[in-house]
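*Asks:* Sequence and computational prediction follow.
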Amino acid sequence: MSNFLPFSRPTIDEATIASVADVLRSGWITSGSKVAEFEKQLSVYFGGRPVRTFNSGTCTMEIALRIAGIGEGDEVITTPISWVATANVILEVGATPVFADIDPVTRNIDLDKVEAAITPKTRAIIPVYLAGKPVDMDRLYAIANKHKLRVIEDAAQAIGSSWQGKPIGSFGDFVSFSFQANKNITTSEGGCLVLNNAEEAALAEKYRLQGVTRSGWDGIDVDVLGGKYNMTDIAAAIGLGQFSKLNEITARRHKLAKHYFVTLGKDFEAQTGAQLPPEDYESTNWHLFQIVLPERITRADFMARMKEHNIGIGYHYAPIHLFKLYRALGFKEGMFPVAERVGRQIVSLPMFYAMDEGDVGRTCAAMCEVFSNWRSK
Ligand SMILES: *Cc1c(COP(=O)(O)O)cnc(C)c1O
């Protein structure tokens, strides 16, 4: 039987491994010159906007909310279909999460529903670019500007994605990226936040490290409550090696996505009742290749059967509002029907840089076999 094919796997090249070893031998293994270099290169990529790195793509969003002064009594609108981090950060700062249902085609937050959810207490929107596909960015910022709302883009999955030729992160308000192990580029764990100006960047530095300010010769003071969120030079060395291959990584993912569409064929949806993602080689980085299973097929069984074929299937994501923590806040079934249907049936097929077209073929063949034999078991 063929080797197990996971749904995702990082690829770290030998040059990157050597640069990590150099850091480990250097005597300086926490935040230092590698972090500064990584931030500099990211800033160039994001059109010169200020960028700060952190130890996750979760604290980035929490810090953006703090910089924006959002807290108790404020409402923040987000999507129920994301990693729970997206909503947790709203609770972390004491604000109130307000969910808006998703668009069944893009699986991203539905901007009509965002507009309908705005109240006098709304202060911000956190859109998520699921699988790396951005929302309609013109419309998003038109809504935000009209209602004077801050935007914290959860672009955790969207490095290398773009909108009308501009990289995601090179425009807009706060933009948060994750470099967690499964993301298109990784630092093992980590993230970065694109900010608007030097003042916000200085605040981000304070929130990143205990609120410490340095003033004068060897002077130190603390004037805001910060945490411990800095990236290490070990992580930044991995990030620099990964970032140098971003275009290559994105191009490979586009090629693999195209191979999925070609292999499954034009009639796949009509024949199986499954739903493919929008075929987009323009704006998305193809962080994930997600299909929505037909109702007759139960997700957990599908995943188990694909595992019998030695193929790993991911699940991104269970609707956030149905987790116990959120039910305790009053959210319940039936509130966001599209998110609930998609969240029950969505699966992520294998998609990572080191895969080849044979792996795509193997996945499609196994999936078609599982679909056609469904009744027989
Ligand atoms: C990965 C991810 C996060 C969290 O990033 P971490 O670096 O793991 O903290 C948040 N939102 C989305 C959509 C993600 O995919």
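*Replies:* Cool, got the structure. As the structure is a computational prediction, the values presented were derived from the model and not from experiment.
*Asks:* Spell out, range by range, the helices that occur in the protein.
*Replies:* For the chain, helices defined by DSSP state H occupy the ranges 14-26, 33-45, 59-67, 85-92, 111-117, 137-146, 198-208, 233-243, 246-264, 268-272, 299-308, 324-327, 337-345, 357-372.
*Asks:* Can you lay out these as a markdown table showing mean neighbour count, mean pLDDT and distance to the ligand?
*Replies:* Placement of C-beta: from N, CA and C, glycine included. Formatted as a markdown table, the helices of the chain follow (neighbours: other Cβ atoms under 10 Å; pLDDT from 0 to 100; distance: least, Cβ to the nearest ligand atom, whole Å):
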| stretch | mean neighbour count | mean pLDDT | distance to the ligand |
| --- | --- | --- | --- |
| helix 14-26 | 14 | 98 | 19 |
| helix 33-45 | 18 | 98 | 15 |
| helix 59-67 | 26 | 98 | 7 |
| helix 85-92 | 21 | 98 | 4 |
| helix 111-117 | 17 | 98 | 17 |
| helix 137-146 | 15 | 98 | 16 |
| helix 198-208 | 18 | 97 | 14 |
| helix 233-243 | 24 | 98 | 11 |
| helix 246-264 | 18 | 98 | 15 |
| helix 268-272 | 15 | 95 | 25 |
| helix 299-308 | 15 | 96 | 19 |
| helix 324-327 | 13 | 98 | 16 |
| helix 337-345 | 19 | 98 | 14 |
| helix 357-372 | 18 | 96 | 21 |
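*Asks:* for those, which one sits closest to Asp223?
*Replies:* helix 198-208 (7.6 Å; Cβ to Cβ).
*Asks:* and that closest one, what other elements does it pack with?
*Replies:* Packing contacts for helix 198-208, counted by 3 or more Cβ pairs under 8 Å, 6 or more residues apart in numbering; DSSP states H and E, involve strand 51-54, helix 59-67.
*Asks:* Run the angle between the last one and helix 198-208 for me.
*Replies:* Using axes from the mean of the first three to the mean of the last three Cα atoms, to 10 degrees, one finds that helix 59-67 and helix 198-208 are set 120 degrees apart in direction.
*Asks:* what comes into contact with helix 59-67?
*Replies:* 54, 71, 76, 85-86, 89-90, 92-93, 95, 124, 126, 152, 154, 174, 176-178, 191-193, 195, 200, 203-204, 207-208, 227, 229 (Cβ atoms under 8 Å, 6 or more residues apart in numbering).
*Asks:* Show me the domain layout of this protein.
*Replies:* 14-243, 246-375 (automatic domain parsing).
*Asks:* can you redo the ones you listed as TSV with distance to Pro6?
*Replies:* Output for the domains of the chain, formatted as TSV (distance: least, Cβ to Cβ, whole Å):
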stretch	distance to Pro6
domain 14-243	9
domain 246-375	4
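*Asks:* of those domains, which approaches Phe4 most closely?
*Replies:* Among the domains of the chain, the nearest to Phe4 by Cβ to Cβ is domain 246-375 (4.9 Å).
*Asks:* tell me how far that closest one is from the chain's mean position?
*Replies:* 16 Å (Cα atoms, centre = their mean, to the nearest Å).
*Asks:* need the helices of the chain in CSV with distance to Ser8, can you?
*Replies:* Formatted as CSV, the helices of the chain follow (distance: least, Cβ to Cβ, whole Å):
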stretch, distance to Ser8
helix 14-26, 18
helix 33-45, 22
helix 59-67, 21
helix 85-92, 17
helix 111-117, 29
helix 137-146, 26
helix 198-208, 28
helix 233-243, 14
helix 246-264, 11
helix 268-272, 22
helix 299-308, 14
helix 324-327, 26
helix 337-345, 19
helix 357-372, 12
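*Asks:* Just put the helices and strands packed on helix 198-208 in TSV and tack on distance to Gln41.
*Replies:* Output for the helices and strands packed on helix 198-208, formatted as TSV (distance: least, Cβ to Cβ, whole Å):
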stretch	distance to Gln41
strand 51-54	9
helix 59-67	17
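*Asks:* Lys146 is nearest to which of the ones you listed?
*Replies:* Among those, the nearest to Lys146 by Cβ to Cβ is helix 59-67 (20.7 Å).
*Asks:* and the closest one with helix 85-92, angle?
*Replies:* Using the same axes, to 10 degrees: helix 59-67 against helix 85-92 is 40 degrees.
*Asks:* For helix 59-67, list the C-alpha coordinates in CSV.
*Replies:* What follows is helix 59-67, C-alpha atoms only, in CSV (Å, rounded to 0.1, in the frame of the first residue of the first chain):
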residue,chain,number,x,y,z
CYS,A,59,-2.0,37.4,19.6
THR,A,60,-1.6,39.6,16.5
MET,A,61,-5.4,40.0,16.3
GLU,A,62,-5.8,40.5,20.0
ILE,A,63,-3.1,43.2,19.9
ALA,A,64,-4.7,44.9,16.9
LEU,A,65,-8.0,45.0,18.9
ARG,A,66,-6.1,46.6,21.9
ILE,A,67,-4.4,49.1,19.7
